[in-house]
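1. give me a model of this one.
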Amino acid sequence: MNAEDRFVVAIAFLRKVLKLSSSSSPFLYVNAAFVPSPDERMGDLYDCFGIRGELVIHYSLQEAWG
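-> This is a model prediction of the structure:
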């Protein structure tokens, strides 16, 4: 992934790595705090929420927050 990629690219990548069907979607959270919009640029997320040179993205197969 690069800075110009949208967050939806991370969702698709994780879906592929976890071998999930197209009807199953993982829930991704930046810094275990919020779910970005799928059209957010990865570079913008990194600039605003990067920690020690990394953008930390947690995932769950079930919604963690209501």
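
2. packing partners for the helix or strand where Tyr29 lies?
-> Using DSSP states H and E, Tyr29 sits within strand 27-30. With contacts defined as 3 or more Cβ pairs under 8 Å, 6 or more residues apart in numbering; DSSP states H and E, the packing partners of strand 27-30 are helix 7-17, strand 57-60. All C-beta atoms are positioned from the backbone trio N, CA, C, and that covers glycine.

3. can you rerun that using 10 Å?
-> With contacts defined as 3 or more Cβ pairs under 10 Å, 6 or more residues apart in numbering; DSSP states H and E, strand 27-30 has these neighbours: helix 7-17, helix 42-49, strand 57-60.

4. Ile57 touches Leu14, doesn't it?
-> Yes - between Ile57 and Leu14 there is a contact at 8.4 Å, judged by Cβ atoms under 10 Å.

5. where do the contact lists of these two overlap?
-> Leu28 (Cβ atoms under 10 Å, 6 or more residues apart in numbering).

6. how about the contacts made by the residue nearest the centre of the chain?
-> Geometric centre of the chain, nearest residue: Leu28, 4.4 Å, by Cα atoms, centre = their mean. The contact partners of Leu28, by Cβ under 10 Å, 6+ apart, come to 7-8, 10-11, 14, 35-36, 38, 57-60.

7. any of those residues buried? List them.
-> 7, 10-11, 14, 36, 57 (16 or more other Cβ atoms under 10 Å).

8. touching, Tyr46 and Arg52? I think so.
-> No - in this structure, Tyr46 is not within contact of Arg52 by Cβ under 10 Å, at 11.7 Å.

9. how many neighbours does the closest residue to Arg6 other than its chain neighbours have?
-> Using Cβ to Cβ, 6 or more residues apart in numbering and skipping the chain neighbours, the partner closest in space to Arg6 is Asp39 (5.3 Å). Residues near Asp39, counting by other Cβ atoms under 10 Å, number 8.
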